[in-house]
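K.L.:
no sequence for this one, just the structure:
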């Protein structure tokens, strides 16, 4: 079964082209704004998300993007969120990583680069899940308690 | 015994003066002066003859009367031409008929019979001529004309600048005194209905004095003065005041004598002395009265070369009407050169980066390419002295500068000081009037105007710097904005390229690809329009154009064609099509962005009253009244997260420069209606187009 990837971008044509580029490898979820993104996330629990920081209604700013990032991580701390932005500031990159984003990717988007980053994210996510599962088995507990572990880091 | 000497002296002096005038020039003023003096001398001669032979008094007096009848015309002509420009405009309009009527005196003198003129029962003993009705009115007429002449002379003197006044003062006073003595002489007639010829010696003496004064002035001070006497000056006359006072005094004394007899004179003298004492006392005691008198004296007796208020207003007017920096600098320079009568002028300003003074504006001066370093000796001199006056300070400066200024015929260099820093200086050269005498009054005015010029220049500099930094800010915002949009477009294209390698043959992909490319093109078009908006303020070219067509083209430039509905008729307006296209684009973008996704936007084109209009309505979020009033048209204010907040600001500027206006109606959460009103294409510019426009507008004929 293909793994689920959530793509959040307000540009129709970018979503459309990413769909063509990534559809083969992943089962894609497409969102144009934060509310769509969050509802899709809650329903399908994708382990990797690409998130455009400039989202409506404030396409020029990054507030909506960061808000969305926060919400997603609140739902599941282990989600690998790849922040994508057209913004030049280093500050935003740092802030994104500090906020818990897995990686930071600057536009313009190059499909082959993005594919590599997404693959690595899924790889890591898979390793982590595996790790947590083994850890749980050692303690004689099922993976169904993962959520509890996740909410109490360290 | 004395009388013949006095009379002959007066006559000879008058003849001398006339000879002197006519020998030098045969101009209208000279002839008028000759006429005035000769008629006065003739009166002197014939009055003297009638005194000498009392038996023939009526005969000689008749001839004297003929000379007297010439006085009004001669002296009025003299007062109107003396030291004035020979310009018909100079004569106040009401004086033309008076000049004409003055000739009636000659006719009257010839026609009125002796009996109606004067009678003298005992001329041998009492040298008094009693006046008949004819004589009475005759002399009153002369009296009035002489007063008018005196007022004219006063106006001439008053109009003269200080240097000019120096030249004509004595001659004017001489002539004035001569007129005044006639007024004094004939004023007896007004009260006593008689001419007291016992006053002859006094008159002769004063004539001698005044003619001497005129001759002296003519010989020593020359007379090249030609004044333009403004008409309203004539209304501010001290003469009227003094004459009126004299008549009141005369009436008081005369009436007093008639009622109280000889003794009354003493009483009246005492009374007058008492009144004068009270007046003097109150003058000393009353501050207000003193100030009023001071003001009166200042206004009437002490004439400034410049009316500061007028000069200042003119200068302010000139520099405040400047629309750009070149206008301003030129305005300042013109103000200086005209005020101080300089044929050439240059304005130097300090370039703060290179610390060099460089000429930035120039009137009729060549060879001023020379620059002055800020630490130049001459600059130091200017900073210290506050003014360079070539006549006074010519020797105080370095030889090199001295030669340079002399070659340029520089008369003044006026520094523009801001506190202790010199921002620039103004060089004035080649005086229009080579003999113009400059005084401290000029220097003061120069420095006053320089102060004002400095503050205007500094203001301009500040606002230029501000707008430059504004521009930089705009460019910064714009760059971020453009880069963001471009990155999205490049992303799309690069993704298409990458996908095309795998799916080029897939018809679904082809469809999606075309859609993506279409969207990208639209996005880039929008970006281009926005960039066009920024590249602003090129000069506009107005031409008649069909507003409907312009709007239709603009609508087609916008991607979301379905949501915009355009209606209306061709309307021919006088516009800069590019500018209006920008305005409409701004309004459309605003309307689209204000509404929901694909919310309807209606655009209507038509004409109303005498203006063409385009109306853009949306059903979007609307705006509050406060926002419309305070923020809407100000730059860098916006409700949108996307955008610079300059669209409407620029739209307003563009519409304003068309002489049009933007009307707004808006309700929160209901939507906004923007109506842009533009002038219709005028008939004279377009002819047939206008006709067509009116037909198409379907309105009644405007003319």
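P.N.:
Arrived safely, thanks for sending. Just so we're clear, the structure is a prediction, and the values are computed from it rather than from any experiment.
K.L.:
from here on, contacts and neighbour counts on C-alpha atoms
P.N.:
OK.
K.L.:
Residue B:665 - that's part of a helix, no?
P.N.:
No. Applying DSSP: H, G, I helix; E, B strand; the rest coil, one finds residue B:665 to be strand, outside a helix.
K.L.:
Hmm, residue B:676 and it touching each other?
P.N.:
No. Using CA atoms under 8 Å, residue B:665 makes no contact with residue B:676, being 11.7 Å away.
K.L.:
Those two: which is more packed in?
P.N.:
Between residue B:665 and residue B:676, counted using other CA atoms under 10 Å in any protein chain shown, residue B:676 has the larger neighbour count: 24 against 14.
K.L.:
which element is the more buried one on?
P.N.:
Assigned by DSSP states H and E, residue B:676 belongs to strand B:671-679.
K.L.:
Just give me the neighbour total for the spatially closest residue to residue B:176 that is not a sequence neighbour.
P.N.:
Excluding the flanking residues, the one nearest residue B:176 by CA to CA, 6 or more residues apart in numbering or on different chains is residue B:150, at 5.9 Å. A count of neighbours around residue B:150, defined by other CA under 10 Å, yields 28.
K.L.:
I'd like the distance from stretch B:95-105 to the chain centre, please.
P.N.:
Chain-centre distance of stretch B:95-105: 35 Å, with CA atoms, centre = their mean, to the nearest Å.
K.L.:
Enumerate every residue touching residue B:131.
P.N.:
B:116-119, B:189, B:193-195 (CA atoms under 8 Å, 6 or more residues apart in numbering or on different chains).
K.L.:
Are any of these buried, and if so which?
P.N.:
Buried members of the contacts of residue B:131, counted by 16 or more other CA atoms under 10 Å in any protein chain shown: B:117-119, B:189, B:193-195.
K.L.:
Which single one of those residues is nearest to residue B:242?
P.N.:
Residue B:242 lies nearest to residue B:189 out of these, by CA to CA, at 18.6 Å.
K.L.:
In this structure the closest one contacts residue B:197, no?
P.N.:
No. Counting by CA under 8 Å, residue B:189 does not reach residue B:197; the two are 11.2 Å apart.
K.L.:
Now do the same contact list for the residue positioned nearest the centre of chain B.
P.N.:
Geometric centre of chain B, nearest residue: residue B:314, 4.8 Å, by CA atoms, centre = their mean. Counting by CA under 8 Å, 6+ apart, residue B:314 makes contact with residue B:335.
K.L.:
so how far is residue B:448 from it?
P.N.:
To residue B:448, residue B:314 is 13 Å away according to CA to CA, to the nearest Å.
K.L.:
what do you get for residue B:594?
P.N.:
Taking CA to CA, one finds residue B:594 at 55 Å from residue B:448.
K.L.:
Run through the residues that contact residue B:199.
P.N.:
Here residue B:199 is in contact with residue B:185 (CA under 8 Å, 6+ apart).
K.L.:
did I read that right, it in a helix?
P.N.:
Yes. Applying three-state DSSP, one finds residue B:199 inside a helix.
K.L.:
Hmm, residue B:612 is touching residue B:675, no?
P.N.:
No. Checked against CA under 8 Å, the pair residue B:612 and residue B:675 is beyond contact range at 10.0 Å.
K.L.:
so where is chain A shaky, pLDDT-wise?
P.N.:
For chain A, applying pLDDT under 70 flags the ranges A:60, A:88, A:141-154.
K.L.:
Okay, helices next: where are they in it?
P.N.:
Taking DSSP state H, the helices of chain A run over residues A:12-22, A:34-44, A:63-75, A:90-98, A:111-138, A:146-151.
K.L.:
for chain A, what are the nearby residues on the stretch 501-650 of chain B?
P.N.:
By the rule CA under 8 Å from any CA of the partner chain, the part of the stretch 501-650 of chain B lying against chain A is B:509, B:512-513, B:515-517, B:519-520, B:641-642.
K.L.:
Now do stretch B:611-620, average pLDDT.
P.N.:
For stretch B:611-620, mean pLDDT rounds to 88.
K.L.:
now stretch B:101-113
P.N.:
Mean pLDDT, stretch B:101-113: 87.
K.L.:
Okay then, goodbye and thanks.
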